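A.B. asks: Model the structure of this input:
(4 chains)
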Protein chains: 2
Amino acid sequence: MKTPSASSQSTRPPPTQNLILSALPSTDYQRLLPGLEFIEMALGHSLYESGGPLPHVYFPVEGIVSLLYVTAGGISAELAVVGSEGMIGVSLFMGGETTPNRGVVQSACKAYRLPAETLKAHFAEGGAFQLTLLKFTQALITQISQTAVCNLHHSVDEQLCRWLLLSLDRLPENKLQMTQELISNMLGVRRQGVTESAGRLEREGLITYGRGLITVLDRPGLEKRACECYTVVRRETERLLPVPRPGG
Amino acid sequence: MKTPSASSQSTRPPPTQNLILSALPSTDYQRLLPGLEFIEMALGHSLYESGGPLPHVYFPVEGIVSLLYVTAGGISAELAVVGSEGMIGVSLFMGGETTPNRGVVQSACKAYRLPAETLKAHFAEGGAFQLTLLKFTQALITQISQTAVCNLHHSVDEQLCRWLLLSLDRLPENKLQMTQELISNMLGVRRQGVTESAGRLEREGLITYGRGLITVLDRPGLEKRACECYTVVRRETERLLPVPRPGG
DNA sequence: AACTATGTGTACGATTTCATACACAGGGCA
DNA sequence: TGCCCTGTGTATGAAATCGTACACATAGTT
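C.D. replies: Numbering: from 1, shown residues only, chains lettered A, B, ... in the order given. Just a heads-up that it's a prediction; the model follows:
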């Protein structure tokens, strides 16, 4: 009876929980609806592999998906995170069909998915759907760009703060279930680097840490401690996809 | 009378020198032609500023434009480079109207530019023009992503090789007019770091260096010395925009 | 020929991150 | 209770890069 996440065991949020789908005019939305398939995915689940096919695009309504790049040497780096504000699989309508990175579930994710062909057909009609998808793609470009800058100029401490905030924005609580090992893979640094940074943040009273569960105690403090990258990405995303987000 | 670049003083390459324009069906191209305005831009010229308006999009036919990000602290980093294979100003048709980075001429550039409204009108019609622009945008995303990974995991030596090769692909000769100071701004490292790397490459017989002029002696050697990032970006660009490029 | 601005080479300690190693702590299981 | 696995904390020296400083070379100017 003490299942930790029993509350969300069988909940199925409506597709409108996704920002892109909710932004559609009613007629567009109704036409899309029959093609949407609900799916739940656990941590670590891969939505697509580097260079592989994308049979579906995903519109998350809960949880987080990371866009990861894996180098030839097997080292990884996170390019961006996507939650209910976006979609996974932009390269389909961008005409590339595939893309050289991976989409991996970072936090238990519920999503609606749409067959590739259905998406492309709707996209080709132009209109609001196309415009929204393109705007989201630009927000994604901004996030990837900011990641590039952050990787180059900012300390692990700052990057960790940025990462925590980006994740927090996409989760209902102030808790993240995530080991330091996994975070280190996302940030592309050593596990010890994350341990040391997390320890500093804990000593500063910003977070508490315990066996794969991070609790954020002082969110404003975290924002002060983070680099500008977080704010830039957030502002640009809100500018491009301005919507009354309850959890915003 | 000894103007260094007198040879290209008044040459005006046709718009078809640009890969995107050349890929258009004849009818589309003919309709676009009246709106195209030829323009020459010197090193350092800024096509647009971070967050500023984009009155035109640019289709280079010669030279290189860098997409730069400038942090709040004034430090810069290059996100991508664009030559005659692409265009500058994707955020216009992506629906964002503006973008938080700068477009700066890295190597004397000749381009055709198109008013923003004309571009958006043509884009909205869909068809080959839209598809090509989107594919180029995806190639750009790949390049930015790869920059993010490269910044994170690869040495200055490797990054310098990658950067030289990316530039070389967009220039007619095996020479680059570029000071170490400028390169360091692009790569986001100290000027001394570039000096040391360039010195190593010179000792290995890959390049020669002299007061703002780099000559590449051993291109295959440079490719071996570079990280995988160069090849990934190049292959993906060629996959998305497959065209008989003379200078390819 | 002297001067100056620009571009390049070199040096130094400080800082950050890396690689490797190992100790400890909590939870599940026999 | 004892064991093992996972997750976390800590230590150490190596490597890369940084910040600062300065010397030198070349091209153009006076």
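
A.B. asks: all helices for chain A, in order.
C.D. replies: A:19-22, A:26-32, A:90-93, A:116-124, A:127-153, A:156-168, A:180-187, A:191-203, A:219-225, A:228-240 (DSSP state H).

A.B. asks: In TSV: these, plus mean neighbour count and mean pLDDT.
C.D. replies: All C-beta spots, glycine's among them, are computed from the backbone N, C-alpha and C. Below are those laid out as TSV (neighbours: other CB atoms under 10 Å in any protein chain shown; pLDDT from 0 to 100):
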stretch	mean neighbour count	mean pLDDT
helix A:19-22	21	95
helix A:26-32	14	93
helix A:90-93	24	96
helix A:116-124	16	95
helix A:127-153	23	96
helix A:156-168	22	96
helix A:180-187	20	94
helix A:191-203	17	94
helix A:219-225	15	94
helix A:228-240	19	95
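
A.B. asks: Columns distance to chain B on top of the ones you listed, output as TSV?
C.D. replies: TSV is the format used below for these (distance: least, CB to the nearest CB, whole Å):
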stretch	distance to chain B
helix A:19-22	13
helix A:26-32	16
helix A:90-93	6
helix A:116-124	7
helix A:127-153	4
helix A:156-168	10
helix A:180-187	9
helix A:191-203	12
helix A:219-225	14
helix A:228-240	5
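
A.B. asks: Output these in JSON lines, with distance to residue B:107 appended to each entry.
C.D. replies: Listed next are these as JSON lines, based on distance: least, CB to CB, whole Å:
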{"stretch": "helix A:19-22", "distance to residue B:107": "39"}
{"stretch": "helix A:26-32", "distance to residue B:107": "45"}
{"stretch": "helix A:90-93", "distance to residue B:107": "30"}
{"stretch": "helix A:116-124", "distance to residue B:107": "36"}
{"stretch": "helix A:127-153", "distance to residue B:107": "21"}
{"stretch": "helix A:156-168", "distance to residue B:107": "33"}
{"stretch": "helix A:180-187", "distance to residue B:107": "34"}
{"stretch": "helix A:191-203", "distance to residue B:107": "38"}
{"stretch": "helix A:219-225", "distance to residue B:107": "40"}
{"stretch": "helix A:228-240", "distance to residue B:107": "28"}
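
A.B. asks: near DNA strand D, which residues of chain A show up?
C.D. replies: Residues of chain A found near DNA strand D (CB under 7 Å from any atom of the strand) are A:179-181, A:191-192, A:195-196, A:198-199, A:202, A:209-212.

A.B. asks: Kindly recompute the last result at 10 Å.
C.D. replies: A:152-153, A:177-184, A:190-200, A:202-203, A:208-214 (CB under 10 Å from any atom of the strand).

A.B. asks: Tally up the residues packed near residue A:34, please.
C.D. replies: Around residue A:34 there are 8 other residues, counting by other CB atoms under 10 Å in any protein chain shown.

A.B. asks: ok now do it, which residues does it touch?
C.D. replies: By CB atoms under 8 Å, 6 or more residues apart in numbering or on different chains, residue A:34 lies in contact with nothing.

A.B. asks: likewise the one 10 residues further on?
C.D. replies: Taking CB under 8 Å, 6+ apart as the contact definition, residue A:44 lies against A:104, A:105.

A.B. asks: Just the local confidence number for it, please.
C.D. replies: Looking at residue A:44, its pLDDT stands at 91.

A.B. asks: Also residue A:50?
C.D. replies: You'll see residue A:50 listed with a pLDDT of 93.

A.B. asks: so what's it up against?
C.D. replies: Taking CB under 8 Å, 6+ apart as the criterion, residue A:50 is in contact with A:69, A:70, A:99, A:100, A:101, A:102.

A.B. asks: how close does residue A:80 get to DNA strand C?
C.D. replies: Using CB to the nearest atom of the strand, to the nearest Å, residue A:80 is found at 20 Å from DNA strand C.

A.B. asks: and that residue, how many neighbours does it have?
C.D. replies: Residue A:80, neighbours per other CB under 10 Å, totals 23.

A.B. asks: Could you find the closest non-adjacent residue to it?
C.D. replies: Nearest residue to residue A:80, sequence neighbours excluded (CB to CB, 6 or more residues apart in numbering or on different chains): residue A:143, at 4.2 Å.

A.B. asks: pretty sure the one you found is touching residue A:232, no?
C.D. replies: No: using CB atoms under 8 Å, residue A:143 is not in contact with residue A:232, being 9.2 Å away.

A.B. asks: Just give me the residue right at the centre of chain A.
C.D. replies: residue A:82 (2.2 Å; CA atoms, centre = their mean).

A.B. asks: Which pLDDT does the model give that residue?
C.D. replies: Looking at residue A:82, its pLDDT reads 98.

A.B. asks: Go ahead and confirm it touches residue A:65.
C.D. replies: Yes: the criterion here is CB under 8 Å, and residue A:82 meets it with residue A:65 at 4.9 Å.

A.B. asks: any shared contact partners between these two?
C.D. replies: residue A:88.

A.B. asks: Could you report the neighbour count for residue A:51?
C.D. replies: Residue A:51 sits with 12 neighbouring residues when counted by other CB under 10 Å.

A.B. asks: now it: how far from chain B?
C.D. replies: Here residue A:51 is placed at a distance of 9 Å from chain B (CB to the nearest CB, to the nearest Å).

A.B. asks: Assess the claim that that residue and residue A:98 are in contact.
C.D. replies: Yes: here residue A:51 reaches residue A:98: they are 5.5 Å apart, a contact under CB under 8 Å.

A.B. asks: Tell me the spacing between the nearest residue in space to residue A:21 that is not next to it in sequence and residue A:31.
C.D. replies: For residue A:21, ignoring the flanking residues on the chain, the nearest one in space by CB to CB, 6+ apart is residue A:15 at 4.7 Å. Per CB to CB, to the nearest Å, residue A:15 is found 13 Å from residue A:31.

A.B. asks: swap in residue A:87?
C.D. replies: For residue A:87 relative to residue A:31 (CB to CB), the value is 17 Å.

A.B. asks: go on, residue A:182?
C.D. replies: Distance, residue A:182 to residue A:31, by CB to CB: 39 Å.

A.B. asks: Could you do residue A:16 as well?
C.D. replies: Counting by CB to CB, the gap from residue A:16 to residue A:31 is 15 Å.

A.B. asks: ditto for residue A:183
C.D. replies: As judged by CB to CB, residue A:183 and residue A:31 stand 40 Å apart.
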